[in-house]
Each structure stands twice: as C-alpha cells, then as structure tokens.
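Participant: show me the folded form of this:
(one chain, ligands or ions: 1)
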Amino acid sequence: MHTVERTVGWTIGMDCFRKEEQQTDQEVKMKDEECRLCLAALDPDDCGYSIAKNARFRKALEQVFTFKISFEAADLPEYTCKQCSWNVLDFQSFSELVKANQEKLQERSQRVDGHGKGI
Ligand SMILES: [Zn+2]
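Facilitator: Numbering: from 1, shown residues only. Next up, the predicted model:
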C-alpha cells in the first residue's frame, strides 16, 4: 500500500459503512455496496463518504458537477469510494483556487485601468 501525500486542506472524517451482520435471511439487503460515482464495488476498507449523511461532501458534489445528484433516493448507492471522494474534493479545491485567481486577475486589471495606462 502506498501512502498518498495530499496537501489539500480538507479534513472530513470518512463515513465507513458497516456490513450489517445481524440481518435475518428475510431482510438481506439486495443493494450491493457500490460507489455512487464510479460504480466500483466498495470494500469496507475502501470507504469514502456517505452522500446521504455528509453535508460537506454533498456541497462539494454540487460545486463540482453541473448535473444533479439525488441525495435522497434511498434505492441508490449511498457511499462513494475513496478515490472518487478524493477526486471530488481535489477538484473542489482546484475550482476554488481558480475562482480566487480569477478575482485576483480582475482586481489587477481594474487597478491598471484606474491608474491610467500611459500611452
Ligand atoms: Zn468511486
């Protein structure tokens, strides 16, 4: 296992799902645990975020994707894998960086305009 070094400034606890062990035969969930975003099979060790429970992660999803992801649908996978979780949060912080830089550029160009550009 390799260590992933990440400098992204986010700290959200992972929402590990647990296999329910006390299910009776009649109540076996038919829903396989798969990643909501990439549909990969989820391993309990490879837990990402719960889109149903993690409001901060939901916000990141809304920022990153232009299409709607339904958070309430009970029959859809609730969890994302670690890789997708990282992708979403990485992209969110990248998007925020770009946004901040655009504001910086705007400010800079206004400043140049304000101080008159010598001919
Ligand atoms: Zn995934």
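Participant: pLDDT below threshold where in this structure?
Facilitator: Scanning the chain for pLDDT under 70 picks out the ranges 1-13, 17-32, 114-119.
Participant: if we go to 90?
Facilitator: 1-33, 43-48, 52, 71-75, 110-119 (pLDDT under 90).
Participant: centre of the chain to the lengthiest helix in the chain, how far?
Facilitator: Longest helix in the chain, counting residues (DSSP state H): helix 82-114. When distances are taken as C-alpha atoms, centre = their mean, to the nearest Å, helix 82-114 is centred 17 Å away from the chain's centroid.
Participant: that one: which residues count as buried?
Facilitator: Neighbour-count burial for helix 82-114 flags 82, 84-89, 92-93 (criterion: 16 or more other C-beta atoms under 10 Å). All C-beta atoms are positioned from the backbone trio N, CA, C, and that covers glycine.
Participant: helices and strands around it, which ones?
Facilitator: strand 47-50, helix 55-64 (3 or more C-beta pairs under 8 Å, 6 or more residues apart in numbering; DSSP states H and E).
Participant: deepest in the core, which of the ones you listed is it.
Facilitator: Ranked by mean neighbour count, the helices and strands packed on helix 82-114 are led by strand 47-50 with a mean of 23 (mean count of other C-beta atoms under 10 Å).
Participant: can you list the strands that that strand pairs with?
Facilitator: strand 79-81 (antiparallel) (DSSP bridges).
Participant: so Y79 touches L37, yeah?
Facilitator: No - using C-beta atoms under 8 Å, Y79 makes no contact with L37, being 9.6 Å away.
Participant: the two - which one has more neighbours?
Facilitator: Each of Y79 and L37 has its neighbours counted (other C-beta atoms under 10 Å); Y79 has more, 25 against 20.
Participant: how close does the more buried one sit to the ion?
Facilitator: From Y79 over to the ion the distance is 9 Å, taken as C-beta to the ion, to the nearest Å.
Participant: tell me the contacts of C38?
Facilitator: 80-81, 83-84 (C-beta atoms under 8 Å, 6 or more residues apart in numbering).
Participant: good, wrapping up.
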